[in-house]
Each structure stands twice: as C-alpha cells, then as structure tokens.
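K.L.:
my questions concern the predicted model and sequence given below.
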Amino acid sequence: MAKIRLGVNIDHVATVRNARGEDYPSPLRAALFSQKNGADSVTIHLREDRRHINESDLKEIISALRIPLNLEIAATKEMMKIALKTKPPFICIVPEKRQEITTEGGLNIKYNLKFLEENLPNLFKNNIEVSLFLDPEIDNINSSIELGVNAIEFHTGEIANASGPKEKALINKFEAVIEYAVAKNISVRAGHGLNYDKTKKIINFKNLEELNIGHFIIGESIFYGLSDVVKKMKKIIG
Ligand code: PXP
C-alpha cells in the first residue's frame, strides 16, 4: 500500500504567538521541526484577516523549507496576487467566512465558478499544483474536472464530529467518493478535525494520498512536544 503523506498545518503556532503580540512561538521554527520529524509537507492558511499566519511568515517559511509548502488561500484577487508572487508548489483554495472560527465546510464551486475559471489558469501556467477544499460529494468531483483541477482535498469535518452509525455511514460514503475521484485521475487528499483515533479510521483507503492535520497536532504538542507528535502521527498514517 502506498504511504499516505502527512501535511502538518502550523497555523495555530501563529495563533498562540499573536495572542500576545510577541514574535514567539515561531511558525518558521514549527515548520522546520515538522520537516525534521517526518512531515511530508507544511500547510499554512493566509487568512484575509491575518488572524494567524501573515505575509512575513509566508516569506520566511517558503524560503527556508525543503519539503513542499501548501498555501491555503480564499478565492479572492488579493490572495491570487500573493500566490502568483510567492509561487508556492501547492495551493489549496478554501472557503473563508470572516466570522467563522475555522473552515467550516468545503468550497462552494458554483458560487465561485467565475472566479475559479478566470484565475486557475494563471496558477496552472506557473506550475503551481492546485487543489480545492471540498465536501466529499460526487458533484464536486465533476465540477473540479471541468475546471481542469487534478487534486482535491476533502473536508473531513463532518466525519470528525460524528460517532456510531452516522460516522460509519459517512466513512463509507467517503470511501466511495475517493474511489470515484481516483477513477477520474484526481489526486485525493483530506483533512480537518483529525486526531489520532479519527485518522486511524480513514487511513486504510488505499487511494488517499495525503492528510493535512493542524489543530490536534499543535494542541497535543503542548503536552508531548511537536517532534514527538509529528513522529507519532506519521507512524500512524505511514
Ligand atoms: N485542510 C484544510 C484545507 C484546512 O483549511 C485545514 C484547517 O482548517 C486543515 C486541513 C486542518 O484542519 P485541522 O486544523 O482541524 O486539523
């Protein structure tokens, strides 16, 4: 079975830093610790309100990191400009609502269609690999294909919050959706709300290529340290 890649989302290191307006803890240091301890990529979300990661973090991390940086951005002109200027290897387009605490669901392709049609070709031209953060639905896969996108990250938030028969049904649906996407040559990633237990429940899907995990890893690091937590998560998924 191919190994699943681990992307470590370090946004919440910046959340802790910003809570005091200091320059520590350093997201760059967290990115490098993740890299050293087995992460296959590092993810950061440059939000429109800059509540965690900011442009200086982006610049520092992209120039120091040796594993790929996955930059999450909203479908806005400002973010597209930043993406084309910094040219990270991976971009994930995510929905963004000012009032939300976290990314609550996948991107609404219909609502963003015109923007995506106009702007994705510029990212492709610059050899940036684009994924869309989507709810695990067949319609979303078909719409992605029409846009020329060949990678999707599925939002696992609903699975993360479910238990019992509902969790089982959602996981079964997730597997079917992954198989559908892979049959259409789409590279499949997933993430949101995953902890050790939830991760164990979805890692047996042979066509899942990457998991992006943030909040749990950073929270758990308070007790066990980032190095050990990244190593442990990597061991679970690898
Ligand atoms: N993937 C994407 C596209 C995200 O936006 C996020 C953060 O919301 C994650 C993965 C990681 O989610 P979490 O921090 O809950 O692990």
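P.N.:
Arrived safely.
K.L.:
need phi/psi at residue 5.
P.N.:
phi -80, psi 150 (degrees, to the nearest 10).
K.L.:
need the pLDDT of it.
P.N.:
Looking at residue 5, its pLDDT is 97.
K.L.:
now the strands for this structure?
P.N.:
Counting by DSSP state E, the chain has strands at residues 5-9, 41-45, 69-73, 90-93, 129-134, 151-155, 187-191, 208-213.
K.L.:
okay if I get the ones you listed as TSV plus distance to residue 21 and mean neighbour count?
P.N.:
Every C-beta, even on glycine, is put in place using the N, C-alpha and C of the backbone. As requested, these are arranged in TSV below (distance: least, CB to CB, whole Å; neighbours: other CB atoms under 10 Å):
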stretch	distance to residue 21	mean neighbour count
strand 5-9	22	25
strand 41-45	19	25
strand 69-73	24	24
strand 90-93	28	25
strand 129-134	30	23
strand 151-155	31	25
strand 187-191	29	22
strand 208-213	27	23
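K.L.:
residues from this protein in reach of the ligand?
P.N.:
Applying CB under 6 Å from any ligand atom, we find that the chain lies next to the ligand at 9, 45, 72, 92, 94, 102-103, 133, 153, 191-194, 212-216.
K.L.:
residues in contact with residue 238?
P.N.:
Contact analysis of residue 238 by CB atoms under 8 Å, 6 or more residues apart in numbering lists 3-4, 6, 38.
K.L.:
redo that, cut-off 7 Å
P.N.:
By CB atoms under 7 Å, 6 or more residues apart in numbering, residue 238 lies in contact with 3-4.
K.L.:
residue 82 now?
P.N.:
Residue 82 touches 46, 55, counting by CB under 7 Å, 6+ apart.
K.L.:
tell me, how many residues neighbour residue 30?
P.N.:
Neighbour count of residue 30, defined by other CB atoms under 10 Å: 29.
K.L.:
identify the residues contacting it.
P.N.:
10, 13, 226.
K.L.:
and which of the residues you listed is nearest to the ligand?
P.N.:
residue 10 (9.8 Å; CB to the nearest ligand atom).
K.L.:
what are the bridge partners for the spatially most central residue of the chain, then?
P.N.:
Of all residues in the chain, the one closest to the mean position by CA atoms, centre = their mean is residue 212, 4.7 Å from it. Per DSSP bridges, the residues bridged to residue 212 are residue 7, residue 191.
K.L.:
that one and residue 234: what is the separation?
P.N.:
13 Å (CB to CB, to the nearest Å).
K.L.:
elements contacting the helix ranked longest in the chain?
P.N.:
Criterion DSSP state H: the longest helix present in the chain is helix 164-183. If contacts are counted by 3 or more CB pairs under 7 Å, 6 or more residues apart in numbering; DSSP states H and E, helix 164-183 sits against helix 138-146, strand 151-155, helix 157-161, strand 187-191, helix 196-202.
K.L.:
name the spans of the protein whose pLDDT lies under the cut-off.
P.N.:
1-2 (pLDDT under 70).
K.L.:
can I assume residue 79 is in contact with residue 71?
P.N.:
No - counting by CB atoms under 7 Å, residue 79 stays clear of residue 71, with 8.8 Å between them.
K.L.:
give me the number of residues near residue 229?
P.N.:
Neighbour tally, residue 229, other CB under 10 Å: 24.
K.L.:
can you check residue 83 too?
P.N.:
22.
K.L.:
which residues touch the spatially most distant residue from the centre of the chain?
P.N.:
Relative to the C-alpha centroid of the chain, counting by CA atoms, centre = their mean, residue 165 is the outermost residue, at 26.7 Å. If you count contacts by CB under 7 Å, 6+ apart, residue 165 has none.
K.L.:
appreciated, that's everything.
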